[in-house]
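**Q** build me a model from this:
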Amino acid sequence: MGKGTLAKRLVESDDHLWLSRSWTTRPRRASEKGTEYVFVERETFQRAIDDNQFLEWAEFHGNLYGTPLPTAPDDSDVLLEIEVQGAEQVRREIPDAVVFLILPPSMRDLEERLRARGDQDEHVALRLSSAPQELAKGHDLASYVVINDDIERATAEILSILEELRRLRRDPS
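**A** Presented below is the predicted three-dimensional model:
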């Protein structure tokens, strides 16, 4: 199970987390319900860029991905499910943003996850070839690194960190 599954589990487990729904220009996968992203044409995405509607956006393997400026409910922490390029932009805009680097247990697991969700061989090869550079950048950006080897354990680990961060926010002393 990948980071999307983890994000969904986190939001289901914590009433104070709000998942921002990203936009993408890539086609919907057969395995997707259509609620994972706002799927748009490249021209629509480009207009949103021109109108400064994104907190972050990036081109990743030929497709555009972006997070609209969040409009989360009061008393919510915003959860972004983004790639490393997006995390770099968020850190520039919000230096104290908490960044979790979510790692698969191994490159073999990553490959299996990509294939299980229906990615084509060409895309799998591209993702695997770019993984070392992305991981190096991710480690530099990350506040916390979590290995997603077990969905329940990874969820509990992140929720525990979030609770401690909230406690420190309430009582900084």
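
**Q** what residues are up against the spatially most central residue of the chain?
**A** Centroid-nearest residue in the chain, with C-alpha atoms, centre = their mean: Glu81, separated by 1.9 Å. Contact analysis of Glu81 by C-beta atoms under 8 Å, 6 or more residues apart in numbering lists 3-4, 7, 19-20, 22. Bear in mind the C-beta positions are built from the backbone N, C-alpha and C, glycine included.

**Q** what subset of those residues is buried?
**A** Neighbour-count burial (16 or more other C-beta atoms under 10 Å) is assigned, among the contacts of Glu81, to 3, 7, 19-20, 22.

**Q** quick check: the two most widely separated of those?
**A** The most widely separated members of the buried ones among the contacts of Glu81 are Lys3 and Ser20, with 13.7 Å between them, by C-beta to C-beta.

**Q** re the thing from before, sort out for me which of the buried ones among the contacts of Glu81 are in strands.
**A** Counted as lying in strands by DSSP state E, out of these, are Leu19.

**Q** just the buried ones among the contacts of Glu81 now: which is nearest Ala125?
**A** Once C-beta to C-beta is applied, the member of the buried ones among the contacts of Glu81 that ends up nearest Ala125 is Lys3, at 20.0 Å.

**Q** below-threshold pLDDT in this protein: ranges please.
**A** 1 (pLDDT under 70).

**Q** what do you get if the cut-off is 80, keeping everything else the same?
**A** Flagging of the chain using pLDDT under 80 yields the residue ranges 1-2, 113, 117-119, 123, 173.

**Q** strands along that one, start to end?
**A** For the chain, the strands defined by DSSP E occupy 17-19, 23-24, 38-39, 54-60, 63-68, 77-79, 100-103, 144-147.

**Q** for the buried ones among the contacts of Glu81, give me TSV that also has distance to Gln133.
**A** Shown next, in TSV, are the buried ones among the contacts of Glu81 (distance: C-beta to C-beta, whole Å):
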residue	distance to Gln133
Lys3	18
Ala7	23
Leu19	27
Ser20	25
Ser22	21
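
**Q** which stretch among the strands of the chain comes nearest Glu111?
**A** strand 100-103 (13.8 Å).

**Q** mind giving me the packing neighbours of that closest one?
**A** helix 121-141, strand 144-147, helix 151-170 (3 or more C-beta pairs under 8 Å, 6 or more residues apart in numbering; DSSP states H and E).

**Q** since that was my last question, I'll sign off now.
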